[in-house]
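*Asks:* Kindly return the folded structure for what I paste below:
(one chain, ligands or ions: 1)
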Amino acid sequence: MKTLEQLGDESTTVIWGDALAALDAHVPDRSVDLLFADPPYNIGKRFGNTHDRWPSDEAYFKWCREWLTRCLAKLKPTGSAYVMASTQCMPYFDLFLRERLTILSRIVWSYDSSGVQARRYFGSMYEPILFGVADAKDYTFNADAIKVQARTGAVRKLIDYRKAVPAPYNDEKVPGNVWTIPRVRYRMDEYEDHPSQKPEALIERIIKASSNPGDTVLDPFSGTFTTCAVAKRLGRKSIGIEIEEQFVKVGLRRLDLAREWRGEALKPLDKTYERKNGVSARVQATRQTEALFEAAQ
Ligand SMILES: C[S@@+](CC[C@H](N)C(=O)[O-])C[C@H]1O[C@@H](n2cnc3c(N)ncnc32)[C@H](O)[C@@H]1O
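*Replies:* Sure thing, here's the model as predicted:
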């Protein structure tokens, strides 16, 4: 894969190419406030022409060490990193990253099942996300920007007698480390044709918490460019890298950076709601992909 092309505008950079080469060529060291990395998981998914399966765990981890090391070099001394991995690989990522960052949270993204229930084991209903910072004494965390409704005493209008001066329970709180956010479904407006698109709500919480307007967010495995799209909406700069041309095209369109690509008009996904046995053909296909993914997790 030789292509390495930088596109976009002054606030949103889209790089078509391999993450290692792109990080070396296009991202200065110590220039990034927030890293969000959602790499291929080594579980056999197909992303366009790329097949997500390394010959061995060691080969996969060797590659992960290479991109993680590069990404960490790009972080500012006040920077933060959120790294996703499959449940089976996350322990390795954790061991590697805890030597290089201060890990502040081990987040569980908990989601609804695809409807296909495991019968002979406990089906996978979550993906892990590691949150670490370069300097535990100096990092961005905008607690007020991400508060959620506190469901305990405040809803019942109870008084908290643990306080020196008893007062009503707070009705808002910083979310804990289990985040229940639905996966991206075909009928959602944000849906693109990609096997592991992440929800905007998930990325929004990360970007709001760990960056400020004008900061730079880096996503070395951009897929449908969810991170860049949310960064743009929230007034952050972003750099997104993606190896597959078909997803770069999605990104350019989603980010409103181009209307055409090499003579081809970039059009939104043409969704079909044709139904078979009460379920649309596209939903059936999506369910099959999700079931495969869950079984592999
Ligand atoms: C898990 S997906 C990311 C999904 C993304 N977070 C989203 O919301 O759409 C991983 C992406 O990494 C891309 N990829 C795989 N190998 C790559 C490489 N060496 N350099 C850059 N991108 C790569 C795949 O094509 C895939 O789109």
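
*Asks:* tell me the contacts of the closest residue to the ligand within the stretch 101-250 of the chain?
*Replies:* Closest contact between the stretch 101-250 of the chain and the ligand, by C-beta to the nearest ligand atom, is at Gly223 (2.6 Å). All C-beta atoms are positioned from the backbone trio N, CA, C, and that covers glycine. For Gly223, the contact set (C-beta atoms under 8 Å, 6 or more residues apart in numbering) comprises 38, 47, 194, 196-198, 242, 247.

*Asks:* out of these, which is most surrounded?
*Replies:* Glu242 (28 neighbours; other C-beta atoms under 10 Å).

*Asks:* For it, give the beta-bridge partners.
*Replies:* Trp16 (DSSP bridges).

*Asks:* Could you tell me which residues make contact with Ala167?
*Replies:* 159-160 are the contacts of Ala167 under C-beta under 8 Å, 6+ apart.

*Asks:* Give me the phi and psi angles of it.
*Replies:* phi -150, psi 160 (degrees, to the nearest 10).

*Asks:* State the distance from it to Asp160.
*Replies:* 6 Å (C-beta to C-beta, to the nearest Å).

*Asks:* can you check Lys232 too?
*Replies:* The gap separating Lys232 from Asp160 is 40 Å, by C-beta to C-beta.

*Asks:* Show me which of those two is the more surrounded one.
*Replies:* Comparing Lys232 with Asp160 by other C-beta under 10 Å, the one with more neighbours is Lys232, at 20 against 14.

*Asks:* what sits against that one?
*Replies:* By C-beta under 8 Å, 6+ apart, the contact set of Lys232 is 11-12, 238, 255.

*Asks:* Buried subset of these as a ChimeraX selection?
*Replies:* To isolate the buried ones among the contacts of Lys232 in ChimeraX, judged by 16 or more other C-beta atoms under 10 Å, type:
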select :12,238,255
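
*Asks:* among the contacts of Lys232, which are in strands?
*Replies:* 12, 238 (DSSP state E).
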